[in-house]
Structures are given as C-alpha cells and as structure tokens.
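# Attaching a predicted model along with its sequence, questions to come.
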Amino acid sequence: MRVRRYKFWGVAALVAGFTVYLLMNAPQTAYAMHIMEGFLPIGWAVFWWALFLPFFALGVRKIVQLTKEAPELKLMLGLAGAFTFVLSALKLPSVTGSSSHPTGTGFGAIVLGPLPMSVIASIVLVFQAFLLAHGGVTTLGANAFSMAVAGPFAGYAVYKLLMRLTDKEKLAIFSAAALANITTYLVTSFQLALAFPSAQGGMLASFLKFGSIFGVTQIPLAITEGLLTVLLWNWLKSYSPHELSLLRRGMKGARQS
Amino acid sequence: MKSKVQTILLITIVLLLVILPLVFVSGDFSGADGKAEQAIVEIAPEYEPWFSLIGEIPGETESMLFALQAALGAGLIGYVIGLFKGRRDKYAVHD
C-alpha cells in the first residue's frame, strides 16, 4: 500500500512540476528535426553519407547473422521497425509551441543491439524522404547518422551502463529510449552547426543556437518516448518471455564470434 | 493487477505530456524542420538549397502519408503482440 501511495505522489509532483514549467516558459521557436532536402552543402552531404554507409553495411551483416541464428527474431526486427515507424510519424506538440517527433530507435537498440537499427531506422528515413519530402535524399546520410547510428548507440550504451549500475530494468529502458531521442537531435544540431557556422562566434555559436532551442522542445518528447518504450516492453515481457530470453542468448553468441 | 495500474499510469502521463502544452502554451505548433530552414537563412542568407527531388507535397496528402506510416507501424505492432499473446495462451492450455 505504502509503495503505491509514494507512486501516486510521485506522479502528482511530476504533473504539478510540468504545469509550473509550462506556465513559466514563454513559447520559443525550435529548429531541428530532420535536415531538409538540399539544406546541407554538397561536401557535408557526401561526408555524412560516407560516415553512415559502413554502419549500414555492418548492420546488414548483423541482421543476416541474427536471423540465421534464430529465424524467430525476424518478428522482433519487424516489431522494432514498426515501433520506429509509428513514433517517427507522430508530430507531437511540445512546450515551446512548436512540434517535433520522437524517433523510436531506443527500443530496437535495447532488444536487438545498435547495429541492426542502423538499417531499420534508415528504412524509415527513406520512406519519409521519398514519399513525404520530409528530410531528403541528399541529407539522408546525415539524418541517418543522427537517427539510425548515433541515437541507437547512445541508447544501447545507457541501457548497458544502467543495468550494470542499478539493475533496475525499467529505469534503464526509459533512460535509454529518452537519451537515444535527445542524442539524435543533438547530433542534428551539431551537423547543422558544422555546415553553417555563424558569422559571429563560429561553429560553437551556431551549435548553441540550433541546440539550446530545440533541446527544450525535445525534452518532453524524450520523456514521452521513454514511457512508450517501457509500455511496449511490459507487453512483450508478459506475452513473450521466450523471445526475449532467446534474444539475450542470441546476442551473447553473436558477440563472442 | 499491478501491471494494469502501471499501464494506465504510463498512458495517462503520455497523454498529459501531449495535452498540457496544447492547453497552456500559445504557439502555432508548426513543424520544427520548417523552422530549421529559417534559422539557416538567418545564419547564411546567401545559401540556396541545391537539390530538390519532389518539391512540395500538398498538406493534406502529407498528413495522409504520415497517417499511413503510423497505421502500417501500429498494424504490425498489433500483429506481433497478438501473435505472442496467442502463442502464450496456447502453451498455457497445454501445460
């Protein structure tokens, strides 16, 4: 009983905190989502493509390896892709008065490892670039590096670290998903800052400009993403402990080779 | 029972995080990527986008495609979770 009461007050405090936060913060504009088509100079576009492609190749190899070892995991791959599909389609309103979307890559990074996500998340980006004119083909390398490589790797690292330190699985999953989200947008700001250093203050000033403003937009979305990831995890755990334990074994085997 | 409470709690917080900004913040809630364009124009006024594949898609079509993307993903998630649940229930009967 006592535990539940603590939980209730925890939630109440969270809601109250957010209400105050929302009332105090004047709306600002935010600057980053995917980098738009044509909005990276050609040199940088090629640079990020070159940096992304090796991860894509390793990701393909990892997926082939995983599905060969355990064909049942194809369902998990589909699930990770589907989750990214849904979350990156949701443009959520945020506290700054503008909208941005979660990435959904943290979940896949946790259950499958970061490398397969470099393939799965870039499929989503391709869909958005070609069908929605959201992001772009020339900027796909840069967008894929932030969302399909940097985000999943950060999420995976956070998950491993927290599992080792605290052994609180849900906390680790929540933090991993939220940080994968934040990292994606930090890298996007960094990419924009590199390509467009401001006349006064140079790259750092640009990074702070792109980064600080979108950061506030992204924080509530990162929390949302973390919570949704825990929700999906809870479902999986109650319905499919078999697949999850198989995955642990599969990943261990893959790591040894 | 405990997990049910937790599920409801999580969904409630997610909904609050979406609804509260809409209620308390006055903004136009336009997409952040459109604003990235403006920021770039501010920093580098002479920059011209050098490539365009499709151009602008009508707003209605774009929202349809976003809905399609979400629907495809949600459909597959439902399928997989349902499949797992069905399997578990089947094994539970045999045990």
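Happy to help now that I have it.
# Looking at residue 21 now. What's its pLDDT?
Using chain A. In this model, A:Y21 is scored at 54, pLDDT.
# that answer is for a different chain, and I need it for chain B
83.
# A:L132 now?
So, for A:L132, pLDDT stands at 74.
# With the one 10 residues further on instead?
Listed pLDDT for A:A142 reads 93.
# which SSE is it in?
Assigned by DSSP states H and E, A:A142 belongs to helix A:140-144.
# Can you tell me the SS state at the residue in chain A that chain B sits nearest to?
With C-beta to the nearest C-beta as the measure, A:G97 is the residue of chain A nearest to chain B, at 1.8 Å. The way it works is simple: take the backbone N, C-alpha and C, and place the C-beta from them, glycine included. In three-state terms, and counting by DSSP: H, G, I helix; E, B strand; the rest coil, A:G97 is coil.
# what's around the closest residue to A:A150 other than its chain neighbours, how many residues?
In space, and not counting its chain neighbours, A:A150 is closest to A:V187: 4.4 Å by C-beta to C-beta, 6 or more residues apart in numbering or on different chains. A total of 21 residues lie near A:V187 under the criterion other C-beta atoms under 10 Å in any protein chain shown.
# OK, contacts around A:V187?
Neighbouring residues of A:V187 by C-beta atoms under 8 Å, 6 or more residues apart in numbering or on different chains: A:145-146, A:150-151.
# Which pLDDT value does the model give it?
92.
# tally of neighbours for residue 69?
All of this refers to chain A. Close neighbours of A:E69, defined as other C-beta under 10 Å, add up to 16.
# wrong one, chain B
B:Q69: 21 neighbours (other C-beta under 10 Å).
# any idea how far it lies from chain A?
4 Å (C-beta to the nearest C-beta, to the nearest Å).
# Report the secondary structure element holding that residue.
Secondary structure (DSSP H and E) places B:Q69 in helix B:59-94.
# How far away from the center of its chain is that helix?
The chain centroid and the centroid of helix B:59-94 are separated by 14 Å under C-alpha atoms, centre = their mean, to the nearest Å.
# buried sites along that helix?
The neighbour-count check on helix B:59-94 (16 or more other C-beta atoms under 10 Å in any protein chain shown) flags B:65-66, B:69-70, B:72-73, B:76-77, B:80-81, B:84 as buried.
# now those as JSON lines including pLDDT?
Formatted as JSON lines, the buried residues of helix B:59-94 follow (pLDDT from 0 to 100):
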{"residue": "B:L65", "pLDDT": "84"}
{"residue": "B:F66", "pLDDT": "86"}
{"residue": "B:Q69", "pLDDT": "89"}
{"residue": "B:A70", "pLDDT": "91"}
{"residue": "B:L72", "pLDDT": "92"}
{"residue": "B:G73", "pLDDT": "93"}
{"residue": "B:L76", "pLDDT": "94"}
{"residue": "B:I77", "pLDDT": "93"}
{"residue": "B:V80", "pLDDT": "91"}
{"residue": "B:I81", "pLDDT": "89"}
{"residue": "B:F84", "pLDDT": "87"}
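# now, which of the contacts of A:V187 sits nearest A:V124?
Nearest to A:V124, judged by C-beta to C-beta, of the contacts of A:V187 is A:G151 at 11.9 Å.
# just checking, the closest one touches A:A176?
No - under the criterion of C-beta atoms under 8 Å, A:G151 is not in contact with A:A176, lying 10.1 Å apart.
# returning to that earlier point: moving C-terminal of the helix or strand where the residue nearest to A:A150 lies, what's the next helix or strand?
Per DSSP H and E: A:V187 is located in helix A:169-195. Toward the C-terminus, helix A:169-195 is succeeded by helix A:202-239 as the next helix or strand (DSSP H and E).
# hmm, back to that, tell me which of the contacts of A:V187 fall in helices.
With DSSP state H as the criterion, helices contain A:G151 from among the contacts of A:V187.
# Not counting its neighbours along the chain, what's nearest the closest residue to chain A within chain B?
For chain B, the residue closest to chain A is B:G27, as judged by C-beta to the nearest C-beta, at 1.8 Å. Once flanking residues are discounted, B:G27 sits nearest to A:G97: 1.8 Å by C-beta to C-beta, 6+ apart.
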